[in-house]
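# let me see the structure of the following:
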Amino acid sequence: MTGDAGDMVLTPRGLRFRGRLYPCAIGRTGVTGAKREGDGATPRGTHRIVGMLYRPDRMAPPADWAVPIRPGDLWSDDPRQEDYNLMVRAPYPWSHEALRRPDPLYDLVLVTDWNWPRAERGRGSCIFIHQWRRPGYPTAGCVALRRDHLREVAARIGHDTRLIVP
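Below you'll find the predicted structure:
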């Protein structure tokens, strides 16, 4: 899986995109072809970028198609619920992840089509591309970049951009 010129390709040295190599972090258990909810792995495959979310109180829209993250925006990660692997709103009594976090990790989020739009229960909720905590610090399965690199990538992607994880 080498990808087209406009694709982001995960390599052992980082995320390759438009002639640049960006240091990145991936899931704490590495890459897998058998992704399951909570396994900490980044799923192997070709994933389309289907959305861009951002914190309007912390930054200007990074692209004209970016959607603001509002207070109460959540992402359901409860495979028992109909809303599994979809954005939901608070109050939401089942397992979820807050999109509006006190830390900057989700100030800008690229949403992939992993297990979406018709989620297979237990196969894992959304894989995002978001800001890393620090270099080398693993994610729960997402791909994470340095803040300035994430903003640069977000400004250059299009609706045909894919994340390729070999």
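# so which residues make contact with the longest strand seen in the chain?
In the chain, assigned by DSSP state E, the strand with the most residues is strand 45-54. Applying CB atoms under 8 Å, 6 or more residues apart in numbering, the contact partners of strand 45-54 are 1, 3, 33, 61-63, 65-69, 73, 99, 106-114, 116, 127, 129, 154, 157, 159, 161-165. (Each C-beta comes from the backbone N, C-alpha and C, glycine too.)
# buried ones among the residues you listed?
With neighbours counted by 16 or more other CB atoms under 10 Å, the contacts of strand 45-54 contain buried members at 3, 62, 66, 69, 73, 99, 106-114, 116, 127, 129, 154, 157, 161-165.
# pretty sure residue 107 contacts residue 56?
No: the pair residue 107 / residue 56 is not scored as a contact, 9.9 Å apart, by CB atoms under 8 Å.
# ok, back up a step: go through the contacts of strand 45-54 and flag which are in helices.
residue 154 (DSSP state H).
# point to the residue nearest the middle of the chain.
Central residue of the chain (CA atoms, centre = their mean): residue 128, 0.6 Å from the mean position.
# so what's the spatially closest residue to residue 62 that is not a sequence neighbour up against?
Distances taken as CB to CB, 6 or more residues apart in numbering place residue 154 nearest to residue 62, at 4.3 Å, with adjacent residues excluded. Residue 154 sits next to 52, 62, 63, 66, 108, 110 when contact means CB under 8 Å, 6+ apart.
# so which of those is the closest to residue 29?
residue 110 (21.4 Å; CB to CB).
# specify the beta-bridge partners of the spatially closest residue to that closest one that is not a sequence neighbour.
Using CB to CB, 6+ apart and skipping the chain neighbours, the partner closest in space to residue 110 is residue 129 (3.9 Å). Applying DSSP bridges to residue 129 gives these bridge partners: residue 110, residue 143.
# thought residue 139 was touching residue 129, still the case?
No: in this structure residue 129 lies outside contact range of residue 139 using CB under 8 Å: 9.8 Å.
# phi and psi next, for residue 149.
phi -70, psi -40 (degrees, to the nearest 10).
# burial measure for it, as a count.
Using other CB atoms under 10 Å, residue 149 has 19 other residues around it.
# and it, how far from residue 129?
Residue 149 sits 10 Å away from residue 129, going by CB to CB, to the nearest Å.
# same question for residue 32.
With distances taken as CB to CB, residue 32 is found 17 Å from residue 129.
# hmm, back to that, next up, the contacts around the residue nearest to the centre of the chain.
Counted by CB under 8 Å, 6+ apart, residue 128 has contacts 106, 109, 110, 111, 112, 142, 143.
# much appreciated, bye for now.
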